[in-house]
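Q: sharing a model that was predicted from the sequence below.
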Amino acid sequence: MNREFSDSVAFLGGIFSPRIYDEVIVNSKGSIQNAADALQKLFIKGLAGECKEFSVINLPYLGSFPKLYKKLYSPKAEETMAFGNTQTKVHTIRYFDFALIKQYFIYRAALKALRKWAKHNEKKERTVVIYALFTPFLKAAVKLKKEFEDVRIIQIVPDLPEFMSDKNSWVLRMLKSKSNRMLNKLEVHIDGYVLLSRFMTERLPIDKQPVTIIEGISNISRNQILESEGPDERYILYTGTLARRYGILNLVKAFTKVKDNNIKLIICGLGDAECEIREYAAKDSRIIFKGQILREKAIELQQKATLLVNPRTPEGEFTKYSFPSKTMEYLASGTPTLMYRLPGIPDDYFQYFFSPEDESIDSLTAKMEEILAMNPAKLREFGQRGQNFVANEKNPHVQANKIVELIELIKKNKQ
């Protein structure tokens, strides 16, 4: 823990904090944004350890009422979240969640909370760190900056908006086009960027603003690494979104060709490939579909698995501009991981996971069979090397310190 950085820092994002989690689960229809929630909490953990004055302004990312959320208003709460010895204030702000007009109310609620924070810290240097290129958040921060000129804006970009969905209706295209035009006008007010892929600079209107790359954050510290006792049963595991474009059906097809009758494939999550997965599970008793499960249960399954697989291939331009959150999560589990060499993943990761020879189904099958035939002790050792790598070099302290250095650079450039 550093906590020498004296600026007042506000994290503007959307997490499922402890006091609202149950309410979100009960009222959500369909899947919730677990991956975004987990990554934000790791950014918060890191920044809380680096900054003396740090708080979270939280407007949780929810589905819209009435189709995807049962209540007309989002939850509200004031609470303190503990990250080790660090206590972080989380202000969860209520907003009107009705479809189509919710973004305006999110903007108003975020701006009101930011103004309160800025006035409370008026004698300090102030920085707003925004999670995701979300128009209401950026619009609120820019409005705040016009009222308090010394406020700095740091924008975290986990995904580029144009690649966040594979749906292609004319309504969605129109809404995306409008949103992108507004973002282009707002982004000139950003002081610095945190990107998950170096290739994102090709698609963002970055002029002279400084950039730092934080592809992800490990959720395990060095002192949490324990010697594995070995699983009770052998299984291959996939946890995450069941999207066709992420290659989940390739994994299922490849597994059906695996000759070992004593190995299982467990799949957890929701998405557009769910029906096909159920059909495969009905034909092959080794395939077990669990649907969406709690994150704690997913992590437990990851740690006990024989092999974790991310079947996303390099096919598609979007793979260049993203870093799959599963990469960090899988490596942190200490379980051997099989995945493709995606362009958005830095080279220093490649020695810590297995990769198929090519993108064919047969190649994926062959690599799974090769790994399953390896000496179990050697396999555990390989997984633990990946776990050590992310624990030591991608932990919240190391990654959040890059944001602090970015803020310091911005301050130096403006002197």
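A: Sure thing, it's come through.

Q: give the buried residues for stretch 46-65.
A: 46-51, 53-63, 65 (16 or more other C-beta atoms under 10 Å). Every residue, glycine included, has its C-beta placed from N, CA and C.

Q: now intersect the residues you listed with the helices, please.
A: Of the buried residues of stretch 46-65, the ones assigned to helices by DSSP state H are 46-50.

Q: closest one of those to residue 237?
A: The nearest member of these to residue 237, counting by C-beta to C-beta, is residue 46 at 27.1 Å.

Q: surely that closest one meets residue 399?
A: Yes. Here residue 46 lies in contact with residue 399, judged by C-beta atoms under 8 Å, at a distance of 5.6 Å.

Q: Provide a list of residues in contact with the residue nearest to residue 127 when sequence neighbours are not counted.
A: Using C-beta to C-beta, 6 or more residues apart in numbering and skipping the chain neighbours, the partner closest in space to residue 127 is residue 152 (4.5 Å). Contacts for residue 152 (C-beta atoms under 8 Å, 6 or more residues apart in numbering) come out as 125-128, 145, 191-192, 407, 410-411.

Q: and stretch 213-221, how far out from the chain middle?
A: Offset of stretch 213-221 from its chain centre (C-alpha atoms, centre = their mean, to the nearest Å): 10 Å.

Q: name the residues that touch it?
A: 38-39, 42-43, 45-46, 156, 194-198, 323, 325, 327-329, 331-332, 344-346, 387, 390-391, 394-396, 399-400, 402-403.

Q: got the CA positions of that stretch in CSV?
A: Provided in CSV are the C-alpha atoms of stretch 213-221 (Å, rounded to 0.1, in the frame of the first residue of the first chain):
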residue,chain,number,x,y,z
ILE,A,213,-2.0,0.4,-21.0
ILE,A,214,-3.6,-1.7,-18.2
GLU,A,215,-4.8,-4.8,-20.0
GLY,A,216,-6.3,-6.2,-16.8
ILE,A,217,-5.8,-6.7,-13.1
SER,A,218,-5.1,-9.9,-11.2
ASN,A,219,-7.6,-10.8,-8.4
ILE,A,220,-5.0,-12.7,-6.4
SER,A,221,-2.1,-11.6,-4.3
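
Q: can you list the buried residues in it?
A: Those would be 213-220, for stretch 213-221 by 16+ other C-beta under 10 Å.

Q: nearest to residue 79 among those residues?
A: Using C-beta to C-beta, those come closest to residue 79 at residue 219, 20.7 Å.

Q: low pLDDT regions in the stretch 1-150 of the chain?
A: 1-3 (pLDDT under 70).

Q: which residues does residue 117 contact?
A: 8, 10, 55, 57, 126.

Q: now with 6 Å?
A: Shown in contact with residue 117 (C-beta atoms under 6 Å, 6 or more residues apart in numbering): residue 10.

Q: just residue 405 next, same as before
A: Taking C-beta under 6 Å, 6+ apart, one finds nothing in contact with residue 405.

Q: among the contacts of residue 152, which lie within strands?
A: Secondary structure defined by DSSP state E assigns 126-128, 192 of the contacts of residue 152 to strands.

Q: would you turn those residues into JSON lines with neighbour count and distance to residue 134?
A: JSON lines is the format used below for the ones in strands among the contacts of residue 152 (neighbours: other C-beta atoms under 10 Å; distance: C-beta to C-beta, whole Å):
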{"residue": "126", "neighbour count": "22", "distance to residue 134": "20"}
{"residue": "127", "neighbour count": "27", "distance to residue 134": "18"}
{"residue": "128", "neighbour count": "27", "distance to residue 134": "13"}
{"residue": "192", "neighbour count": "21", "distance to residue 134": "17"}
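
Q: rebuild the residues you listed as a markdown table, extending it with distance to residue 15.
A: What follows is the ones in strands among the contacts of residue 152, written out as a markdown table (distance: C-beta to C-beta, whole Å):
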| residue | distance to residue 15 |
| --- | --- |
| 126 | 21 |
| 127 | 19 |
| 128 | 16 |
| 192 | 22 |
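
Q: distance between stretch 286-295 and the chain's centre?
A: Distance, centroid of stretch 286-295 to centroid of chain: 20 Å (C-alpha atoms, centre = their mean).

Q: could you do stretch 17-33 as well?
A: 17 Å.

Q: straight-line length of that stretch, end to end?
A: 13 Å (C-alpha to C-alpha, to the nearest Å).

Q: one more: stretch 349-368?
A: So stretch 349-368: terminal residues 19 Å apart, C-alpha to C-alpha.

Q: average pLDDT for that stretch?
A: Averaged over stretch 349-368, pLDDT sits at 97.

Q: and it, how far out from the chain middle?
A: Per C-alpha atoms, centre = their mean, the centroid offset for stretch 349-368 relative to its chain is 24 Å.

Q: for that stretch, list every residue counted as buried.
A: 349, 352-354, 356, 361, 364-368.

Q: now do stretch 112-119
A: 113-114, 117-118.

Q: again with stretch 261-270
A: 263-269.

Q: which among those residues gets closest to residue 281?
A: When the buried residues of stretch 261-270 are compared against residue 281 (criterion: C-beta to C-beta), the nearest one is residue 267, at 8.0 Å.

Q: that closest one contacts residue 287, correct?
A: No. Applying C-beta atoms under 6 Å, one finds residue 267 not in contact with residue 287, separated by 7.1 Å.

Q: now do the helices in this protein.
A: Under DSSP H, the chain gives helices at 18-27, 34-50, 102-120, 135-147, 170-186, 248-256, 274-283, 295-304, 325-333, 361-372, 376-393, 396-413.

Q: between those helices, which one is nearest to residue 79?
A: helix 18-27 (4.8 Å).

Q: in the stretch 151-300 of the chain, where is pLDDT below threshold?
A: Those would be 164-180, 221-232, if you go by pLDDT under 70 across the stretch 151-300 of the chain.

Q: fine, thanks again, bye for now.
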